[in-house]
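**Student:** Build me a model from this:
(chains A and B)
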Amino acid sequence: DVKVTQSSRYLVKRTGEKVFLECVQDMDHENMFWYRQDPGLGLRLIYFSYDVKMKEKGDIPEGYSVSREKKERFSLILESASTNQTSMYLCASTRGLSYSNQPQHFGDGTRLSIL
Amino acid sequence: GQNIDQPTEMTATEGAIVQINCTYQTSGFNGLFWYQQHAGEAPTFLSYNVLDGLEEKGRFSSFLSRSKGYSYLLLKELQMKDSASYLCAVLGNAGNMLTFGGGTRLMVKP
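**Tutor:** You can find the predicted model right below:
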């Protein structure tokens, strides 16, 4: 079974802090994704990566950056946390080529609160 | 632009059948996924449709009509454990990027 592991289930940070969310997958997947999930808005894509050191902006990249130094690890960085970034953050990974029918496998999520 | 619509909430009775609809307008289409998400848990994959028609997988079936921009997820013989959110997601023209609808929260009552 694919395992996608997010470093924290719950995290509380202060406005202006730099925040790191880590995600590791154990199935040698090429593609990794960061989403945020808010009530009524569904999952919205922040960034994704299709290879080491490669990244692409999703629908809502503002205020975020990412890092993929190793194939198994994809980090989401909040450069200067703000209260509107309080949300559930989900990491996902999938194998293979573009337009693939391979489903994305999700981590359990990190519920981040910015005070 | 991308637009995916699903009902926000549905209620059904244990043992019954429920149909959850999803309509989409996207720039390009390379398949539609359904995921199940229990409260506080990760979404898990249920089905994938890329051709028109019905795909059956046990108690769950998923239907697609590309000409109508429409899909539904059919759940038969409902069980209490089927209470969850059901997420519709479309694979468009941008590589492996999925666009998700807002999700349908299904409550199964005894």
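
**Student:** in terms of contact, does B:Lys76 touch B:Gln19 like I think?
**Tutor:** No: if you go by CB atoms under 8 Å, B:Lys76 and B:Gln19 don't touch, sitting 10.1 Å apart. Yep, even glycine has a C-beta here, placed from its N, CA and C like the rest.

**Student:** For chain B, give me the ranges with low pLDDT.
**Tutor:** Chain B contains residues with pLDDT under 70 at B:1, B:94-95.

**Student:** could you pull out the strands for it?
**Tutor:** B:3-5, B:9-13, B:18-25, B:32-37, B:44-49, B:53-57, B:60-65, B:70-75, B:84-91, B:98-100, B:104-109 (DSSP state E).

**Student:** Make CSV out of these and add mean neighbour count.
**Tutor:** CSV is the format used below for the strands of chain B (neighbours: other CB atoms under 10 Å in any protein chain shown):
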stretch, mean neighbour count
strand B:3-5, 16
strand B:9-13, 13
strand B:18-25, 18
strand B:32-37, 22
strand B:44-49, 17
strand B:53-57, 11
strand B:60-65, 18
strand B:70-75, 20
strand B:84-91, 24
strand B:98-100, 24
strand B:104-109, 17
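
**Student:** Figure out which of the ones you listed is closest to A:Glu79.
**Tutor:** Judged by CB to CB, the one of the strands of chain B that comes nearest to A:Glu79 is strand B:98-100, at 25.0 Å.

**Student:** Next to chain A, which bits of chain B? Give me the list.
**Tutor:** Contact residues, chain B versus chain A (CB under 8 Å from any CB of the partner chain): B:4, B:8, B:30-31, B:33, B:35, B:41-45, B:48, B:50, B:87, B:89, B:91, B:95-103.

**Student:** Quick check: pLDDT value at A:Asn101.
**Tutor:** Here, the pLDDT recorded for A:Asn101 equals 77.
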